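*Asks:* can't give you the sequence, but here's the structure:
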């Protein structure tokens, strides 16, 4: 089986051994209030995409989730690719960036190139905005080789998930999958059949509605899931993805030895880092030609909470209960960005944040494409580096290994990027990368800033998976 989810990640400046964890029994402390998707407390970007209100300090710890309008994006020029923002520089102003990434991206042959260099944890592309029901599609080519996984998914901050996953040893059977609040169910996955996913572009679509999900390949419906078929009598709820989600495309090593045995087996075994693509290019790669989304009407029960009388001002989602169900979501006119990497949802440091909860009305069949998603207030002129949480077990393990063995490694890689090697790229030692500032909290309760003299976790660039046995 299958990864539970693909997530944003970047580099840590403190080791996981010193981190404060969060889970169903332990919430984050006030000084590091935001719980990341992989259960680490922090500030800054920990309070943005992936901030899980269920295990954070309180409901106001996480920042509002910017709402997505219908769109169509073709990565057909270098300019389009250059507009994708590095995750470590993003502090939540979705009006300035539609996409963020960790890892390596480039432009090649009228497409976005996602790269996974030799012995790294790959790349993840993520939308900065969230949508709540709609039809989303991507035209793409996957990577190849056993242990290498390409994914196109929808993922919410309470771990609802809708997937297309592609294992590199099987290039003819795309896998569809879904999860509700991260609950494991190994029978959720189904296969479809296409011709070679590495050699040929295919269009993969997920039509996400309140009562069903349809998966399509090249315009042909290959699967339908009805919400009514997901009722869980034990939990007294539907195990159905039903909360606002981001769009993510990723390339990651399911066959990394630090992953669980089930993930490695599902991915096709350990990654062969001496494979054809590594020998020829220095990296595995996937190509994305376009991504598009048609937003549907929001559920009729959704409320507006804020101090504006204009419906179009309500451009972001928030939760009003830690259960994280679809009935616990409302629209707000609060700003979505942070003023610094020490900021939090209850102290955003973004100047004159409007007071919420002054009025409350009901939306009736609000069009998904009618709400303004941009915000007019400018961000601070001082550029800050975001605290980007480590949110992946495999990447974090690799980071620890890199930190422990860095002194014994050569300063250059045997496989560097070669711009003339057939698939574009740039010269980069694939075994290391620059370190972003950390926002995870240490067990001593520190604020989570970058501490001089502490070796950062080098090489934790992208994402991984939770497996059968993790």
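*Replies:* Thanks, I have the structure now. Everything numeric in this text was worked out from a predicted model, so none of it was measured.
*Asks:* Touching, residue 91 and residue 336? I think so.
*Replies:* No: counting by CB atoms under 8 Å, residue 91 stays clear of residue 336, with 9.6 Å between them. In short, each C-beta sits where N, CA and C put it, glycine included.
*Asks:* who has more neighbours, the two?
*Replies:* Each of residue 91 and residue 336 has its neighbours counted (other CB atoms under 10 Å); residue 91 has more, 28 against 25.
*Asks:* Which residue is the nearest non-sequential neighbour of that one?
*Replies:* Excluding its sequence neighbours, the residue lying closest to residue 91 (CB to CB, 6 or more residues apart in numbering) is residue 338, at 4.7 Å.
*Asks:* Report how many residues lie close to that neighbour.
*Replies:* Residue 338 is flanked by 29 other residues according to other CB under 10 Å.
*Asks:* Now do it against residue 84, distance only.
*Replies:* Distance, residue 338 to residue 84, by CB to CB, to the nearest Å: 20 Å.
*Asks:* ditto for residue 200
*Replies:* From residue 200 to residue 84 the distance is 24 Å (CB to CB).
*Asks:* More neighbours: those two, which one.
*Replies:* A direct count of neighbours by other CB under 10 Å for residue 200 and residue 84 places residue 84 higher, at 18 against 12.
*Asks:* Now the phi/psi pair for the more buried one, please.
*Replies:* phi -70, psi 130 (degrees, to the nearest 10).
*Asks:* Neighbours of the closest residue to it other than its chain neighbours, how many?
*Replies:* Nearest non-adjacent residue to residue 84, counting by CB to CB, 6+ apart: residue 99, 4.5 Å away. Neighbours of residue 99 under the rule other CB under 10 Å: 24.
*Asks:* Any stretches of this protein with poor pLDDT?
*Replies:* 1-18, 352-470 (pLDDT under 70).
*Asks:* which neighbours does the longest strand along it have in its sheet, and in what orientation?
*Replies:* Looking across the chain with DSSP state E, the single longest strand is strand 283-295. Paired with strand 283-295 in the same sheet, following DSSP bridges, are strand 71-74 (antiparallel), strand 112-117 (antiparallel), strand 134-141 (antiparallel).
*Asks:* how about these in a markdown table, adding distance to residue 50?
*Replies:* Formatted as a markdown table, the strands paired with strand 283-295 follow (distance: least, CB to CB, whole Å):
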| stretch | distance to residue 50 |
| --- | --- |
| strand 71-74 | 21 |
| strand 112-117 | 19 |
| strand 134-141 | 19 |
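*Asks:* got TSV for those, with mean neighbour count and distance to residue 236 too?
*Replies:* Listed next are the strands paired with strand 283-295 as TSV, based on neighbours: other CB atoms under 10 Å; distance: least, CB to CB, whole Å:
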stretch	mean neighbour count	distance to residue 236
strand 71-74	15	37
strand 112-117	28	40
strand 134-141	21	28
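*Asks:* Go through those strands and name the closest to residue 302.
*Replies:* Checking the strands paired with strand 283-295 against residue 302 by CB to CB gives strand 134-141 as the closest, at 14.6 Å.
*Asks:* Just give me how far the next helix-or-strand element following the closest one sits from the chain centre.
*Replies:* Going down the chain from strand 134-141, the next helix or strand is strand 148-156, by DSSP states H and E. Using CA atoms, centre = their mean, to the nearest Å, the distance from the centre of strand 148-156 to the centre of the chain it belongs to is 8 Å.
*Asks:* Give me the buried stretch members for strand 148-156, please.
*Replies:* By 16 or more other CB atoms under 10 Å, the buried positions in strand 148-156 come out as 148-156.
*Asks:* Would you agree the residue nearest to residue 91 is in contact with residue 92?
*Replies:* Yes: contact criterion CB under 8 Å: residue 338 and residue 92 qualify, at 5.3 Å.
*Asks:* anything in contact with each of the two?
*Replies:* Listed as contacting both residue 338 and residue 92 by CB atoms under 8 Å, 6 or more residues apart in numbering are 48, 63.
*Asks:* mind listing the strands for the stretch 1-150 of the chain?
*Replies:* Taking DSSP state E, counting those that start in this stretch as the test, the strands found in the stretch 1-150 of the chain are 34-35, 41-42, 65-66, 71-74, 85-86, 99-102, 104-107, 112-117, 123-127, 134-141, 148-156.
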